[in-house]
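[1] Sequence plus the predicted model coming up.
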Amino acid sequence: MKTSWKGSISFGMVYFPVNVYTATSGSDGVKLNYLHRKCHSRIRYKKFCEACNVEVSQDEIVKGYEYEKDRYIVITDEDFEKLPIKSKKVISISHFVDEDEVDPIYLDKAYFISPGNFSASKAFELFRRAMRETGKVGIAKITLTSNEYVAMIKPYDKGGMLLYLLYYSDEIKKIEEITELNYNVDIHNNELKMAISLIDNMTGEFDIGQYRNEYQDALKQLIQSRIEGKEVVSPPEAQSNIIDLMEALKASVEAAKHARTDSSGTGKEKSRGKSKGKSTGNRIRKTGTEGRKPAAGENDTGELAGVNAGVNTSTKTKSGGKRKIL
């Protein structure tokens, strides 16, 4: 895996080298190009200098700041390197906090952290294990791609540590600006109990592997259908006559109970073929394709139907955030 940042972590008098790796990636979904509506030719973007009336290459481009209208100062890579910022090479832990003190709204991009070399392994593991034993996370700063970020460092259950870039407080919008939240409603105890019952019946284990990007699946099917000259028809939306909140809650609870009963029944049928003395729980952990309806263009096994022979389209698509730091 390619490193995104190399430097050191320091806390107190302890100092050890680390490597930082991007932990997430953008979506590997269908890539669409911009075309000219008239002739369907590919649209190309060129870097063009209006003053010189010429197209320029990337190595002819520098960065600049407009301090007055059409007047700029040039900032070079050497200028960035000379900035007196400690966090360019050192992740200095300022203090430790309980993880639940960090509001999830501040979490941005995630990174893996590893020891920078073999000799740093003991200090790295000591730091990791101490945070795990105390339930604390470290707050620090790090400079990435010409900007400095607040960072949260925590031990990762699967090994190593995680570093989360955090948004600054002025980057978070104020929820008070959402006028629709200025409501005043009365909730009856029966409604609350019914809603809690619904949540209880729908509670299970979190398994991100059971979710797929159905939008990308449907888009692939649309493209395949267009290639084959077929017309794509959207399925009609499910209609419901339920307009009363309590009636809707009761119907939802019943549906959840039936779904759980069906799941338990499936588990019992599977356990009959096992030898005596072994028992299985009634809760079945579902895979990515079990227990869900096929997405648009899939067959019962979860594979895309109607694709050309030799093309592998059954691979899961990765999902990722829109904001790319590195």
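    Noted; the coordinates are in hand. Numbers count the residues shown, from 1 in each chain.
[2] Which helix or which strand is home to Ile113?
    Ile113 belongs to strand 107-115 when assigned by DSSP states H and E.
[3] Run through who's touching that strand.
    With CB atoms under 8 Å, 6 or more residues apart in numbering as the test, strand 107-115 has contacts from 1, 4-5, 9, 16-24, 121, 123-124, 149, 152-153, 156, 160-167, 321, 323, 325. Just so you know, the C-beta spots here come from the backbone N, C-alpha and C atoms, and that holds for glycine as well.
[4] quick check: mean pLDDT across that strand?
    Strand 107-115 shows a mean pLDDT of 96 in the predicted model.
[5] quick one on the thing from earlier: next step: the contacts of strand 107-115 restricted to strands.
    Judged by DSSP state E, the subset of those located in strands is 5, 9, 16-22, 149, 152-153, 161-166.
[6] Which secondary structure element is home to Lys193?
    helix 189-201.
[7] buried subset of the contacts of strand 107-115?
    The neighbour count (16 or more other CB atoms under 10 Å) marks 4-5, 9, 16-23, 123-124, 149, 152-153, 160-166 as buried among the contacts of strand 107-115.
[8] ok, how many other residues are close to the residue nearest to Gly7 when sequence neighbours are not counted?
    Sequence neighbours aside, Lys89 is the residue nearest to Gly7 in space, at 4.5 Å (criterion: CB to CB, 6 or more residues apart in numbering). Neighbourhood size, Lys89 [other CB atoms under 10 Å]: 12.
[9] How about Phe118?
    Other residues close to Phe118 by other CB under 10 Å number 7.
[10] Tell me the spacing between it and Val18.
    13 Å (CB to CB, to the nearest Å).
[11] what element comes up after the helix holding Lys193 heading to the C-terminus?
    Heading C-terminal from helix 189-201 (DSSP H and E), you reach helix 214-227.
[12] what's the average pLDDT for that following helix?
    What helix 214-227 shows for mean pLDDT is 87.
[13] Show me the helices in the stretch 1-150 of the chain, by range?
    77-82, 121-134 (DSSP state H, counting those that start in this stretch).
[14] Those helices: which one's closest to Ser94?
    Closest of the helices of the stretch 1-150 of the chain to Ser94 is helix 121-134, at 14.4 Å (criterion: CB to CB).
[15] List the buried residues of the closest one.
    By 16+ other CB under 10 Å, the buried positions in helix 121-134 come out as 123-124, 127-128, 131.
[16] Around Ser245, count how many other residues there are.
    Not quite, residue 245 is Leu, not Ser. 13.
[17] typed the wrong thing, it's Ser8
    Applying other CB under 10 Å, we find 14 residues neighbouring Ser8.
[18] partner residues bridging it?
    Counting by DSSP bridges, Ser8 is bridged to Pro17, Val90.
[19] Now do it against Val18, distance only.
    According to CB to CB, Ser8 stands 6 Å off from Val18.
[20] any shared contact partners between the two?
    Common contacts of Ser8 and Val18 (CB under 8 Å, 6+ apart): 91, 116.
[21] where does the chain dip in pLDDT?
    Scanning the chain for pLDDT under 70 picks out 232-235, 237-243, 263-326.
[22] what residues go with each domain of this protein?
    Domain ranges of the chain: 5-27+87-169, 187-234+245-266+280-326, per automatic domain parsing.
[23] closest to Tyr67 out of the ones you listed?
    Evaluated with CB to CB, those place domain 5-27+87-169 nearest to Tyr67, the distance being 18.2 Å.
[24] what about that closest one, start to end distance?
    Taking CA to CA, to the nearest Å, domain 5-27+87-169 runs 24 Å from one end to the other.
[25] Ok, stretch 18-27 next?
    28 Å.
[26] Begin at 595, not 1, for the rest of this chat.
    Got it, first residue is 595 now, which makes that one stretch 612-621.
[27] Just give me how far it sits from the chain centre.
    When distances are taken as CA atoms, centre = their mean, to the nearest Å, stretch 612-621 is centred 12 Å away from the chain's centroid.
[28] So the residue nearest to Gly601 sits against Ser602, correct?
    Yes: with contact defined as CB atoms under 8 Å, Lys683 and Ser602 form a contacting pair (6.9 Å).
[29] who touches both of the two?
    Common neighbours of Lys683 and Ser602 are not found (criterion: CB under 8 Å, 6+ apart).
[30] Can you list the buried residues in the strand holding Ile707?
    Of all the residues in strand 701-709, those buried under the rule 16+ other CB under 10 Å are 702-703, 705-709.
[31] mind giving me CSV with those and columns for distance to Lys657?
    Output for the buried residues of strand 701-709, formatted as CSV (distance: CB to CB, whole Å):
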residue, distance to Lys657
Asp702, 23
Lys703, 22
Tyr705, 25
Phe706, 30
Ile707, 29
Ser708, 32
Pro709, 34
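[32] Nearest to Leu843 among those?
    The closest of these to Leu843 turns out to be Asp702 (CB to CB; 36.4 Å).
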